[in-house]
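Visitor: Prediction below, plus the sequence it came from.
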Amino acid sequence: MVDPIQELKTRAEILHHALRAREPGAIARLRALGELRRATPEQLTAFLPDVQRKHTLAVVAREAGFDDWTHAHTILSGGTASSFGTLLCPPNFSAHWNIWSAHYDEARSIRQEHGGYLLAYKQHFFIADRYYIEALGLDPEDPDWERIGRDWVRPLDTAARSRLYGSLLARHGQPPRS
């Protein structure tokens, strides 16, 4: 089982080493930081001596669809937040048919009536089918889905959701290194 918090910490450590080695791909990833979003290559390179682990944690958290490291840590630790990030709804998944709702209670009611998996994208909620779950790289028959009540937002068992997050991050992979 992959611990999702440890997975992101490991990715941050790998990124930190790549930045120390001045790998161009790693340097470009610093643009995930708000203050460096529009930085030139020269400005990114000038920032390298100031890079700390908190910066690399923020980068990998953003790459995983969270706002920042605190947001990722809160969610992955089983806490609640006003946004769940974008990890559960990657780009190019619009071909899947899902039922969307702006309100959790409505989404929960729909899921209870029609089945499926209640997931979240930022501050919105959607019901997905097993094919969506498979496309994410997760097993829709994993017993952890039943343990969380097929409800990612308010799981019955936060440890089970953490294991699913770990599986998702393991399949999500690392950004390519140059």
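Guide: Looks like it came in fine. Values in this document were obtained by computation on a predicted structure and should not be read as measured data.

Visitor: shaky segments in the chain?
Guide: Applying pLDDT under 70 to the chain picks out residues 173-178.

Visitor: Now do residue 169 against residue 75, distance only.
Guide: Separation of residue 169 from residue 75 (CB to CB, to the nearest Å) stands at 12 Å. All C-beta atoms are positioned from the backbone trio N, CA, C, and that covers glycine.

Visitor: Of these two, which one has the most company?
Guide: Taking other CB atoms under 10 Å, residue 169 and residue 75 do not tie; residue 75 has more neighbours (26 against 22).

Visitor: helix, strand or coil for residue 66?
Guide: coil (DSSP: H, G, I helix; E, B strand; the rest coil).

Visitor: what's the burial count for the closest residue to it other than its chain neighbours?
Guide: Leaving aside its sequence neighbours, residue 66 sits nearest to residue 72 (CB to CB, 6 or more residues apart in numbering; 3.8 Å). Neighbour count for residue 72, taken as other CB under 10 Å: 25.

Visitor: separation between residue 72 and residue 129?
Guide: As for residue 72, its distance to residue 129 is 27 Å (criterion: CB to CB).

Visitor: Isn't residue 29 up against residue 15?
Guide: Yes: judged on CB atoms under 8 Å, residue 29 makes contact with residue 15 at a distance of 6.6 Å.

Visitor: what sits in contact with each of these two?
Guide: residue 59 (CB atoms under 8 Å, 6 or more residues apart in numbering).

Visitor: Between those two, which is the more surrounded one?
Guide: When residue 29 and residue 15 are compared for neighbours, residue 15 comes out ahead with 27 against 24, by other CB under 10 Å.

Visitor: Show me which parts of the helix or strand hosting that one are buried, residue by residue.
Guide: Using DSSP states H and E, residue 15 sits in helix 4-20. Across helix 4-20, burial judged by 16 or more other CB atoms under 10 Å covers 4, 5, 7, 8, 9, 11, 12, 15, 16, 18, 19.

Visitor: Quick check: of the residues you listed, which lies closest to residue 123?
Guide: residue 4 (20.8 Å; CB to CB).

Visitor: Tell me where the chain has strands.
Guide: 99-101, 117-121, 124-128 (DSSP state E).
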